[in-house]
Each structure stands twice: as structure tokens, then as C-alpha cells.
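Trainee: quick one, structure for this:
(one chain, ligands or ions: 1)
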Amino acid sequence: MSTRVEGALGALYPFLDERPADVDAVLAAVAASTAAKAAEIVALRGSLVAEHGQRLVDCARRCAAAFAAGGTLFAFGNGGSSTDAQDVAQLFLHPPKAARPLPAISLTHDVALITALSNDVGFDVVFARQVAAFGRAGDIAVALSTSGGSANVLRGLAEAAQRGLVTVGIAGYDGGRMAEPDVVDHLFVVPSASVHRVQEAQTTLYHVLWELIQQALAGEL
Ligand SMILES: O=C(CO)[C@@H](O)[C@H](O)[C@H](O)[C@H](O)COP(=O)(O)O
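Mentor: Alright, predicted model coming up:
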């Protein structure tokens, strides 16, 4: 066993006289599985950007035009996608240096509102109600879902479409209901059956989209 592994085990088991007997096998299995997952995500991210290239450019140009006209972006999703929605909003609003801050709001973080709506009306409306209250024609709705089938996400998109927002869907697996006709204007599907790989690749999609929107706004796309 290498000195580094010995050191790590010392930190993991400081109070045990003896480590579990099979720890070497466990560590070897973890290393092999981590390497396989890393390879899978690198391949998936590369193929996604290649496959969605033109669609990303088209979507970025449309979003840039919406921002240039004073539009706001609303992002939403459940679970891991809810934190991704918050990441999208902070990325647009508080970008790295030299990039242009753009108005973006996540609809996932108001616990009082979401619990009240869920308790009194139903969880299905938590995004749609906010889109109805804040969304205006020409704004942008970005919906994140791994299954593409969450009822509250689909209701949010339907409300956005009805109000004339540009709708962007980011899904996984086969796209689910988000991939049905007329659900979104711009659809990006991560074709993986692993929820973890889907979420990892979705972060690449929205980071690339953000970069392209910045380029489009600067007249470089
Ligand atoms: O983060 C994860 C799984 O990695 C979970 O929290 C996951 O986001 C939740 O199960 C969501 O409720 C799934 O909803 P969706 O992505 O299918 O719309």
C-alpha cells in the first residue's frame, strides 16, 4: 500500500487499532469506479456540446436579444436541479469579472412561498404561480429537470409559454415530457440513464449557454 494511502487511512481510522481487513479492496474498487465515471462524464460533456452546438447558438442569440430588450431570466427545477437553478441565476447576475451582469432570478429559494403554495394549493403550482406573477412577454424561462417529467416544472413552462416568455428546457434520459412537441422553444437533452451524469452534464450546458449569450451580447456571435 502506498504511503499516501497509509496516511489517508490513518486519518480515516485514527481511533482504531486495526483497519477493516478489506479496505484495500474497497479503495481499489472506488478508484476504478471513479475513473470510469470521470471518463463517462468527459465523453458525455464533449458529445453534448458537439451535438447541441447549433441549437446552443440559436438559443443564445434569442436569449441575448431578450436581455437586450430588457428581459429577465427565471430558472427553476426540483432537488439537485433547484440548486442548479440557483447557480444559473447567480451566474448570470453575478458573473466572473469582465462579463456583463444580467437580470436572473431563481424561483426555487423562497421557502415561505413554496411551502405556503404547496400546503394551500399544491406543489404542482410552485413555479407556475411565480411565473404568472413576475413573468412578462419577452422574458426567459429556464427549466431544469433530469426526467423532463416533473409536473411543477411542466406547469411552470406552460405558464411561461402562455405568457410569451422564451422557454428553455434542460432535461436528461430521453427528455421525457419536456421533449414533446410545443413544450419548450429550445430543448437540450443529456442522453444518459444516470441521474448523476445528467446533472453533471447539465451544468456544462448552462455554462456554455451563458458564455454564448455573453458573446452574442458583445456582438461576437
Ligand atoms: O439531485 C437529485 C438526484 O441527483 C435529486 O434531488 C433530484 O433532483 C430529485 O429527485 C428531483 O425531484 C428529480 O426531479 P426531476 O429532475 O426529474 O425534475
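Trainee: where does residue 183 land in three-state SS?
Mentor: Following DSSP: H, G, I helix; E, B strand; the rest coil, residue 183 is assigned to coil.
Trainee: tell me the contacts of the residue nearest the centre of the chain?
Mentor: Per CA atoms, centre = their mean, the C-alpha nearest to the average position across the chain is that of residue 84, at 4.3 Å. Contacts for residue 84 (CB atoms under 8 Å, 6 or more residues apart in numbering) come out as 75, 77, 144, 199, 202-203, 206. Placement of C-beta: from N, CA and C, glycine included.
Trainee: switch the cut-off to 6 Å
Mentor: residue 144 (CB atoms under 6 Å, 6 or more residues apart in numbering).
Trainee: next, count neighbours for residue 147.
Mentor: A count of nearby residues for residue 147, using other CB atoms under 10 Å, gives 18.
Trainee: now do the SS call for it.
Mentor: Going by three-state DSSP: residue 147 is coil.
Trainee: name the element residue 53 belongs to?
Mentor: Element membership for residue 53, per DSSP states H and E: helix 23-68.
Trainee: near the ligand at all, that helix?
Mentor: No. On the criterion CB under 6 Å from any ligand atom, helix 23-68 is out of touch with the ligand, staying 13.4 Å away.
Trainee: from now on call the first residue 187
Mentor: Happy to do that; since the first residue is 187 now, the last one works out to helix 209-254.
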